[in-house]
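Engineer: Sequence and computational prediction follow.
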Amino acid sequence: MKLIRFGEEGKEKPGVLLNDKRYDVSSIVTDYNEAFFENDGLAKLEKALKNNPSLPEVSDSVRLGSPVARPSKIICIGLNYVDHCEETGAAIPEEPIIFFKSTTSLCGPNDNLIIPKNSEKTDWEVELAFVVGKKASYVSEEDAPNYIAGYCLLNDYSERAFQIERGGQWAKGKGSDTFAPLGPIMATPDEIGDVNNLKMWLTVNGKTFQNSNTSNLIFKIPFLVHYLSQFMTLLPGDVISTGTPPGVGLGIKPDPIYIKAGDVIELGIEGLGTSKQTAVAYQG
């Protein structure tokens, strides 16, 4: 299945994408939240759809929200592509680097990117994310695939000065509003062929900056589920983003390039759709 959420910000309804058409499933499902995933909601929804209920179609003009409701956690993996380590001058990590994005950074796939107040170094990062399907604690790597509800496209926007130059943790540069556009869809694993061989790309104003493949991940998804579950309990609906390939603005030589108001950022991952954000200045 391919899950979507649609409607005004804060009032999204659950839907599905069937044969490239959007359908409202709010008569079957309340929302794609922790309770939905925890209570076997995917299997129940699939069964309901097979019974061919008459579902209202949703216009393509209606805003898409994040395909999952605000989760308990958004966990990200840093420096998880060898060539991204090289471009940023970082050592290849021996263990996954973990940081959090604030859950308030979550937004729809095509919402505007708000450049934070006092930002001069807002940057882009196309990433493959996955959604946790059930409570996970001390999970084995072999059993990890059973804990994955589905996969999404995510742009891990980053304010590099906040992240690197302000002392302390990366989270300072990762959690601003609109810094985690997710979607357009959450695709269940059966919709994706080989998750370790998906093309991914990102453009700014039509120019390609990132063009890679998930085959270049250092730490693969089953290991990440296992690894993270040794340090914290993952809850149903949690979003885990797996890292970005080379081509970020920070890594451009000789002079980095950062996002300015009016820039248009487009990105996609094979099988997971595309998203598009227009950068706007903070208004406060």
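Structural biologist: Nice, thanks for sending it over. Numbers count the residues shown, from 1 in each chain.
Engineer: Show me where this protein has its helices.
Structural biologist: Under the criterion DSSP state H, the chain carries helices at the ranges 34-38, 41-50, 82-88, 160-164, 221-228.
Engineer: Identify all contacting residues around the longest one.
Structural biologist: By CB atoms under 8 Å, 6 or more residues apart in numbering, the surrounding residues in contact with helix 41-50 are 1, 16, 18, 25, 28-29, 32, 35-36, 133, 149-150, 188. Heads up, the C-betas are built off the backbone N, CA and C, glycines and all.
Engineer: And that helix, what's buried?
Structural biologist: Within helix 41-50, the residues that count as buried by 16 or more other CB atoms under 10 Å are Gly41, Leu42, Leu45, Leu49.
Engineer: try the third one
Structural biologist: Within helix 82-88, the residues that qualify as buried are His84, Cys85, Glu87, counting by 16+ other CB under 10 Å.
Engineer: wait, doesn't Ile92 sit right on Ile218?
Structural biologist: Yes - under the criterion of CB atoms under 8 Å, Ile92 makes contact with Ile218 at 6.9 Å.
Engineer: Between these two, which is the more surrounded one?
Structural biologist: The neighbour count for Ile92 versus Ile218, taken as other CB atoms under 10 Å, is higher for Ile218 (18 against 12).
Engineer: Got the confidence number for the more buried one?
Structural biologist: Looking at Ile218, its pLDDT reads 95.
Engineer: measure it to Leu153 for me?
Structural biologist: 20 Å (CB to CB, to the nearest Å).
Engineer: about what we covered before: closest one of the buried residues of helix 82-88 to Thr104?
Structural biologist: Within those, the smallest distance to Thr104 is 26.0 Å, found for His84 (CB to CB).
Engineer: Now the phi/psi pair for the residue nearest to that closest one when sequence neighbours are not counted, please.
Structural biologist: Excluding the flanking residues, the one nearest His84 by CB to CB, 6 or more residues apart in numbering is Pro246, at 4.7 Å. Dihedral angles of Pro246 (phi, psi; degrees, to the nearest 10) stand at phi -70, psi 160.
Engineer: can you pull the contacts of Pro246?
Structural biologist: So, once contact is read as CB under 8 Å, 6+ apart, Pro246 ends up touching Tyr81, Asp83, His84, Glu86, Glu87, Gln210, Ser212.
Engineer: mind checking pLDDT for the fifth one?
Structural biologist: Reported pLDDT at Glu87 in the predicted model: 78.
Engineer: What sits closest to it if chain neighbours are left out?
Structural biologist: The spatial neighbour of Glu87 that comes closest, neighbours along the chain excluded (CB to CB, 6+ apart), is Gly251 at 3.5 Å.
Engineer: surely that neighbour meets Thr88?
Structural biologist: Yes - counting by CB under 8 Å, Gly251 touches Thr88, with 5.4 Å between them.
Engineer: burial of the nearest residue to Leu272 once chain neighbours are set aside, as a residue count?
Structural biologist: Taking CB to CB, 6+ apart, and ignoring the residues beside it in sequence, Leu272 has Leu153 as its nearest neighbour in space, at 4.5 Å. Leu153 has 29 neighbours, counted by other CB under 10 Å.
Engineer: is Leu153 in a bridge, and if so with what?
Structural biologist: Leu128 (DSSP bridges).
Engineer: Enumerate every residue touching it.
Structural biologist: 109, 126-129, 182-184, 267-269, 272-275.
Engineer: Okay, and which of those map to strands?
Structural biologist: Counted as lying in strands by DSSP state E, out of those, are Val126, Glu127, Leu128, Ala129, Leu267, Gly268, Ile269, Gly273, Thr274, Ser275.
Engineer: For the nearest residue to Ile97 once chain neighbours are set aside, grab the count of nearby residues.
Structural biologist: Among residues not flanking Ile97 along the chain, Gly78 sits closest, at 3.7 Å (CB to CB, 6+ apart). Gly78 has 21 neighbouring residues, counting by other CB under 10 Å.
Engineer: got the buried residues of helix 41-50 as JSON lines, with distance to Gln169 columns?
Structural biologist: Output for the buried residues of helix 41-50, formatted as JSON lines (distance: CB to CB, whole Å):
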{"residue": "Gly41", "distance to Gln169": "34"}
{"residue": "Leu42", "distance to Gln169": "34"}
{"residue": "Leu45", "distance to Gln169": "37"}
{"residue": "Leu49", "distance to Gln169": "42"}
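Engineer: For Val139, state which of those residues is nearest.
Structural biologist: Using CB to CB, the buried residues of helix 41-50 come closest to Val139 at Leu42, 18.3 Å.
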